[in-house]
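*Asks:* would you be able to build a 3D model of this:
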Amino acid sequence: MKTIIDALYLCVYYRAMLDWSDLRHVLETARQGGISGAARVLGVNHATVARRITSAETALGARLFDRLASGYVVTEAGQDAVRAAEAMEHSEARLDRLIGARDVDISGRLTVTAPQLMIERVLAPVLAEFITEYPGVDLNILATNNIVNLAQREADVAFRISSKPSPTLVGQVVTKQRAAVYATPSVIARDLGGDEPLDWIRFAHWPGPPREITDIRPNLRARLTVDDMMAAVGAVRSGIGATRMACILGETDPALQRVPGLPTFDYAPVWVLTHTDLRNVPRIRSFVDFTTGRLRRSRHLFEGHRQAT
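*Replies:* All right, here's what the predicted structure looks like:
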């Protein structure tokens, strides 16, 4: 008897009743642990996900999920279907990259992902220059700190702040970075220094401040806890307290100053990355070369020097 995987491939090969779109709904339901998560990821309603799953089950002649009060639970046949769907998804993405790599013109859609604050502070003017110089490129920006999947063409180029980016991607360090402690002038004016308390904004998911800070200012008084750098910058601007941040953020914010007496310290570098199959696509290569060159002109700010050297 053929396995469900054999049936899947036969259905797809002979263009039988099974629709790849149906199988994608099966895959996302398994990945997200239920139809609610799948509906959110796929941008459809619950009823559509349920209908697509039923359609796939009808085409395959097998139950892919048990409908329980607690939700949808993948059956053994469903697990086979998920593995086959993952293989098909991988093949589709691979084909998409290979076809994209044949582009010869500096034109077409280009999706770039970067952290929100990097876009706001330094990348937006560079993007404006790029659009002017390459009007044929349809540039799309995903402003997020989340890791997107370049292998699945969720983005073509990624700017990432990392000490160790994914080994499946290729790229280069745009610039090294340093970090420092910043606050508003009013917070700095009332700070007595030394062993006196310094009002502090801490990060929920980060380890404590580095030794470079605590050796000099051991009495950091937490006034607020945040889980996001944009929230931290907003809190510092409001005068709640001081916090550490990449120098590129502090040096480019007219409302902030470095807290005197504290040194700069290491911070993860900025990388520009793409998938190995796409690195020689003209629009991608042009974008990487263009933006890398422009950002390196601001290297002194990334490295904590107020003046270019």
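*Asks:* which stretches in the stretch 51-200 of the chain count as helices?
*Replies:* Using DSSP state H, counting those that start in this stretch, the helices found in the stretch 51-200 of the chain span residues 76-100, 116-118, 124-133, 185-190.
*Asks:* can you list these in CSV and add mean neighbour count and mean pLDDT?
*Replies:* (Each C-beta comes from the backbone N, C-alpha and C, glycine too.) Formatted as CSV, those follow (neighbours: other CB atoms under 10 Å; pLDDT from 0 to 100):
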stretch, mean neighbour count, mean pLDDT
helix 76-100, 16, 72
helix 116-118, 20, 92
helix 124-133, 13, 94
helix 185-190, 12, 96
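*Asks:* check which element follows the lowest-mean-pLDDT helix or strand in the chain along the chain.
*Replies:* None of the helices or strands of the chain scores lower by mean pLDDT, DSSP states H and E than helix 4-13, at a mean of 48. Downstream of helix 4-13, the first helix or strand assigned by DSSP states H and E is helix 20-32.
*Asks:* which parts of this protein are strands?
*Replies:* 65-68, 71-74, 108-114, 137-143, 157-161, 169-183, 198-203, 220-226, 243-246, 257-258, 265-275 (DSSP state E).
*Asks:* out of the ones you listed, which gets nearest to residue 211?
*Replies:* With CB to CB, the closest approach to residue 211 among the strands of the chain belongs to strand 265-275: 8.6 Å.
*Asks:* show me what that closest one is in contact with.
*Replies:* Here strand 265-275 makes contact (CB atoms under 8 Å, 6 or more residues apart in numbering) with 97, 118, 150-151, 156-163, 165-166, 168-180, 210, 212-213, 244, 246-247, 284, 288, 291-292, 295, 302.
*Asks:* if you set the cut-off to 7 Å instead, what comes out?
*Replies:* Residues outside strand 265-275 that contact it (CB atoms under 7 Å, 6 or more residues apart in numbering) are 97, 150-151, 156-163, 165, 169-179, 210, 212, 246, 284, 288, 291-292, 302.
*Asks:* endpoint to endpoint, stretch 61-69 covers what distance?
*Replies:* 23 Å (CA to CA, to the nearest Å).
*Asks:* residues contacting residue 176?
*Replies:* 269, 302, 303.
*Asks:* how about TSV for these, with pLDDT and neighbour count added?
*Replies:* Listed next are those as TSV, based on pLDDT from 0 to 100; neighbours: other CB atoms under 10 Å:
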residue	pLDDT	neighbour count
269	94	17
302	94	23
303	93	17
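*Asks:* of these, which is the nearest to residue 86?
*Replies:* Using CB to CB, the contacts of residue 176 come closest to residue 86 at residue 269, 32.7 Å.
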